[in-house]
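Asks: test case, fold it:
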Amino acid sequence: MKIVMMAAAAALLAAPAMAQDGASPENLVLPGATLAPDCGNLYGLAGRAFCVSAPLAGIGALADAYIADLRTKGWIPAGGEDNRVVFVRRRDTGGCDGLQMQAFYDTSKPAGPEAIGYLGFGPIPGNVCSDQPEPAAAPAPQQ
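Replies: Presented below is the predicted three-dimensional model:
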């Protein structure tokens, strides 16, 4: 599995939105994952994202399990690219919360059978479903 670390991991900020349901971090760890509060000491994510680890060979299956679990909590996969999934969930008060899941590993180490992969989770700030403002009308050309 080709895992590429993207700059998007830098957007994983603060406590994860998935913990808003009152779940403790330990309750967010699915079978096959290990809580990784230090996020592998990679990309400055320690203390800024919720991370779990697993053998690199199984990180894709673990990501699929998290996607399925998040769906049961109302999160809808809405986009992403290689190794990143963006989720949205409607707020009762209007608008949407955003959450992203990023897969990564320590690229300074060999990606062999002993390698550890990580999934990092973090909220996307603001209302991700807000309407974009209408573009300003272009002024009429002067004659």
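Asks: any idea how far the nearest residue to residue 58 once chain neighbours are set aside is from residue 49?
Replies: Using Cβ to Cβ, 6 or more residues apart in numbering and skipping residues adjacent in sequence, the residue nearest residue 58 is residue 32, 6.3 Å away. C-beta coordinates here come from the backbone N, C-alpha and C atoms, glycine included. Distance of residue 32 to residue 49, given as Cβ to Cβ, to the nearest Å: 19 Å.
Asks: more neighbours, the two?
Replies: The neighbour count for residue 32 versus residue 49, taken as other Cβ atoms under 10 Å, is higher for residue 49 (27 against 13).
Asks: the more buried one reaches residue 121, doesn't it?
Replies: Yes: Residue 49 is within contact range of residue 121, at 6.2 Å (criterion: Cβ atoms under 8 Å).
Asks: helices and strands around the helix or strand residue 100 falls within, which ones?
Replies: Residue 100 is located in strand 96-105, with elements delineated by DSSP states H and E. Judged by 3 or more Cβ pairs under 8 Å, 6 or more residues apart in numbering; DSSP states H and E, the packing partners of strand 96-105 are helix 59-72, strand 84-90, strand 116-124.
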